[in-house]
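Colleague: any chance you could fold what I've pasted below:
(one chain, ligands or ions: 2)
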Amino acid sequence: MLTAMHQWESLCEGAGAEALTALLPDILKTKRWFGGKARRIKAVSIVESVAVSTGTATMRLLLVRVEYSDGTSETYQMPVTAAFGSEAIRLQETAPQAVLAPLTVRSDSGEEQGILYDALWNPALSRRLFEAIGQGEQFHGTAGTAAATPTKAFRELVDVAYPQDPTVLKAEQSNTSLSCGGQVILKFYRRLEEGMNPDLEIGRHLTAVRFPCVPPIAGAIEYRRTSGDPMTLALLQQFIRNDGDAWQQSLHAVDQFMVRTAGDLYREAAPPGRGRPLLDLAREEYLPVARELLGGYVQSAECLGRRTAELHLALSQIEDDPAFTPEGLTSAYRHERYVTMAASAEQTMALLKERVAQLSPKGQTEARRLFDLKPALDRTFRAFRDLERPVSLIRCHGDYHLGQVLSTGSDFVIIDFEGEPARSLASRRRKHPPMLDVAGMVRSFHYAPFAFLAGKRTGLAVAAQGIPGESVLWAQFWSDWASVAFLKAYLGIASATKFWPKEERDVRVLFDVCLVEKAIYELGYELNNRPDWVEIPLHGLVDLLEMAGSERA
Ligand SMILES: Nc1ncnc2c1ncn2[C@@H]1O[C@H](COP(=O)(O)OP(=O)(O)O)[C@@H](O)[C@H]1O
Ligand SMILES: O=P(O)(O)O[C@H]1O[C@H](CO)[C@@H](O[C@H]2O[C@H](CO)[C@@H](O)[C@H](O)[C@H]2O)[C@H](O)[C@H]1O
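Modeller: Ligands and ions are numbered 1, 2, ... in the order given. Coordinates of the predicted model:
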């Protein structure tokens with residue numbers, strides 16, 4: 001229970017903030033967007049409090065610094081406000097996820113009971129933020145200013161009157177987004193760092209060149225101080241009408257595929273064998289049975305491949321910003337990336353060793369297989385380190401997977417250019433070989449059928465029973481041919497561009513290393529975030545390393 005004197009805002013500043021900061025470690029751990037749940041918090045402090053008012057209601061945009069016992073720290077954005085009496089009771093019932101703590105405000109006239117809650121759930125206050133962007137308003141805090149600015153595209157995208165109140169999206173996400181009348185979406189970043197968020201940085205450029213496959217950016221809110229780079233607090237972009245994301249669409253396609261493979265013709269047959277590299281298959285005609293069994297998904301994956309190549313082309317052609325100018329891969333880059341990849345593989349293997357007993361028997365066997373495959377892993381990393389010819393680095397999506405693509409029916413729109421959430425802002429803003437995104441999507445084509453088999457569609461946990469054995473070959477078949485369709489269309493455009501490696505050998509080295517690096521990242525991500533998904537990237541990684549071995553043999 002929080003107690004404030006005279007007004008709830010006293011909890012946000014000075015001596016009054018002690019009561020709130022004492023409760024914050026426990027409050028943070030209950031929030032979906034807090035990324036430090038598995039870490040020990042040493043101290044929490046409020047480093048900024050910016051007041052935003054509608055005249056009748058006030059919120060404080062708090063910047064909260066979390067210091068961990070390992071000496072590192074993070075800054076989170078928490079917009080807070082208070083409600084009392086029947087309004088507090090209504091919110092506790094209708095939006096329990098918004099409640100931060102029960103609250104008592106004492107004054108000379110007595111006590112008032114209420115709650116402190118997330119101000120994004122207050123429509124009048126969140127509308128105030130939407131409107132501030134159109135009006136280019138600034139809100140002053142104790143150490144800096146929250147500056148709202150529209151882009152040139154604002155007027156085309158936004159009805160300034162906002163006929164409806166904003167509502168918080170129900171989507172499963174790491175940040176918090178509000179949609180306003182199905183017209184625009186305002187995404188509040190939770191973990192903040194100095195420097196422009198790549199979502200805004202990339203989105204602004206692609207909006208300026210009118211790249212059609214991303215939501216145009218209408219504006220942003222940034223926190224500015226006299227020294228240091230601004231921090232991106234929020235991004236306003238067009239709301240894309242969609243029929244779900246490509247992940248949901250893919251699970252549906254896998255479902256239909258599995259039904260087809262169970263049909264009379266295929267029931268007794270094993271899927272046609274593997275063994276050919278995907279990059280080779282992508283340059284040949286489709287296997288007729290693959291086309292038949294994947295059905296309309298072949299066209300979807302091809303469309304996604306084309307859009308991905310067009311995205312890379314657009315990103316490589318942004319001319320007025322050095323942060324986007326393509327660069328050659330230097331030996332310093334190769335060495336530095338080699339060291340980072342090897343270190344992160346070591347860390348992930350160590351974590352897997354700690355958790356191996358929690359896997360299914362089949363998962364435990366695969367984990368042991370993975371430990372034995374360490375030489376193949378090293379060979380893959382070394383082949384990248386020893387590349388001799390120059391390869392282009394460009395700005396990429398950075399965390400590209402089927403969940404980052406909205407399906408509009410006949411086409412796709414690519415969202416969320418923030419990069420891999422656990423990495424630092426500096427590393428998320430780096431240039432990479434575009435193969436990084438290609439590999440991200442190919443890994444996602446592997447995740448979809450295996451997640452389907454593991455019951456992820458229906459929410460069943462895989463941990464206890466492991467991936468069912470009988471359909472694994474068909475799952476692999478779907479994964480391979482969906483990837484081939486994507487690669488065929490991607491290469492059809494990308495291989496003629498300046499950013500694509502000229503030598504086929506270099507393409508193969510990059511493809512292998514990017515796939516393996518992504519699968520290791522996923523293994524670490526699942527161990528830390530979704531333990532009952534671990535066996536999906538584990539299986540994928542073992543398969544990649546075994547295939548790499550058999551191709552070399
Ligand atoms: N421009 C948009 N139009 C419509 N829906 C969107 C848009 N951007 C995001 N969404 C929805 O919000 C979800 C989360 O968005 P995302 O940017 O991936 O958030 P986070 O980075 O917090 O995970 C998406 O999966 C999608 O359902
Ligand atoms: O979308 P985010 O930016 O939050 O990305 C993180 O979470 C993703 C899961 O939500 C994770 O993606 C992995 O799981 C997906 C299925 O849920 C799969 O399609 C992806 O291929 C797989 O990598 C992503 O890695 C992580 O950064």
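
Colleague: isn't Thr380 up against Asp512?
Modeller: Yes. Using C-beta atoms under 8 Å, Thr380 is in contact with Asp512, at 5.3 Å. For glycine as for every other residue, the C-beta is placed from the backbone atoms N, C-alpha and C.

Colleague: give me the common contacts of these two.
Modeller: Ala548 (C-beta atoms under 8 Å, 6 or more residues apart in numbering).

Colleague: which ones are touching Arg106?
Modeller: The neighbours of Arg106, taking C-beta under 8 Å, 6+ apart as the test, are 3-6.

Colleague: for those, pick the one with the most neighbours.
Modeller: Using other C-beta atoms under 10 Å as the neighbour criterion, Ala4 leads the contacts of Arg106 with 22 neighbours.

Colleague: against which helices or strands is the strand or helix carrying that one packed?
Modeller: Of the helices and strands defined by DSSP states H and E, Ala4 is found in strand 2-5. The helices and strands touching strand 2-5, judged by 3 or more C-beta pairs under 8 Å, 6 or more residues apart in numbering; DSSP states H and E, are helix 17-29, strand 99-107.

Colleague: extract the C-alpha trace of it and format it as CSV.
Modeller: What follows is strand 2-5 as a C-alpha-only set of coordinates in CSV (Å, rounded to 0.1, in the frame of the first residue of the first chain):
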residue,chain,number,x,y,z
LEU,A,2,1.3,3.4,-1.0
THR,A,3,0.6,6.5,1.1
ALA,A,4,0.9,10.0,-0.3
MET,A,5,0.5,13.4,1.4
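
Colleague: what's it in contact with?
Modeller: Contacts of strand 2-5 from elsewhere in the structure, counted by C-beta under 8 Å, 6+ apart, are 10-11, 16, 19-20, 23, 101-107, 116.

Colleague: if we use 6 Å, what do you get?
Modeller: Taking contacts as C-beta atoms under 6 Å, 6 or more residues apart in numbering, the residues outside strand 2-5 that touch it are 10-11, 19, 101, 103-106.

Colleague: ok, that strand: who's next to it in the sheet?
Modeller: In the sheet containing strand 2-5, its partner strands are strand 99-107 (parallel), by DSSP bridges.

Colleague: list the buried residues of the strand it pairs with.
Modeller: 99-101, 103, 105 (16 or more other C-beta atoms under 10 Å).

Colleague: now stretch 484-496
Modeller: When burial is assessed from 16+ other C-beta under 10 Å, stretch 484-496 yields the following buried residues: 484-491, 493-494.

Colleague: could I get those as JSON lines with secondary structure and pLDDT?
Modeller: Conversion of the buried residues of stretch 484-496 to JSON lines gives the following (DSSP: H, G, I helix; E, B strand; the rest coil; pLDDT from 0 to 100):
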{"residue": "Val484", "secondary structure": "helix", "pLDDT": "97"}
{"residue": "Ala485", "secondary structure": "helix", "pLDDT": "98"}
{"residue": "Phe486", "secondary structure": "helix", "pLDDT": "98"}
{"residue": "Leu487", "secondary structure": "helix", "pLDDT": "98"}
{"residue": "Lys488", "secondary structure": "helix", "pLDDT": "98"}
{"residue": "Ala489", "secondary structure": "helix", "pLDDT": "98"}
{"residue": "Tyr490", "secondary structure": "helix", "pLDDT": "98"}
{"residue": "Leu491", "secondary structure": "helix", "pLDDT": "98"}
{"residue": "Ile493", "secondary structure": "helix", "pLDDT": "97"}
{"residue": "Ala494", "secondary structure": "helix", "pLDDT": "97"}
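
Colleague: wait, which of those residues is closest to ligand 1?
Modeller: Sorting the buried residues of stretch 484-496 by how near they are to ligand 1, with C-beta to the nearest ligand atom, puts Phe486 at the top with 19.8 Å.

Colleague: contacts only, for the closest one.
Modeller: Contact criterion C-beta under 6 Å, 6+ apart gives 301, 304-305 as the residues in contact with Phe486.

Colleague: ok, which stretches of the stretch 101-250 of the chain are helices?
Modeller: In chain order, the stretch 101-250 of the chain shows helices spanning 123-135, 154-157, 198-208, 246-261, with DSSP state H, counting those that start in this stretch as the criterion.

Colleague: show me the one of those helices that comes nearest Leu387.
Modeller: Closest approach to Leu387 among these (C-beta to C-beta): helix 198-208, 25.6 Å.
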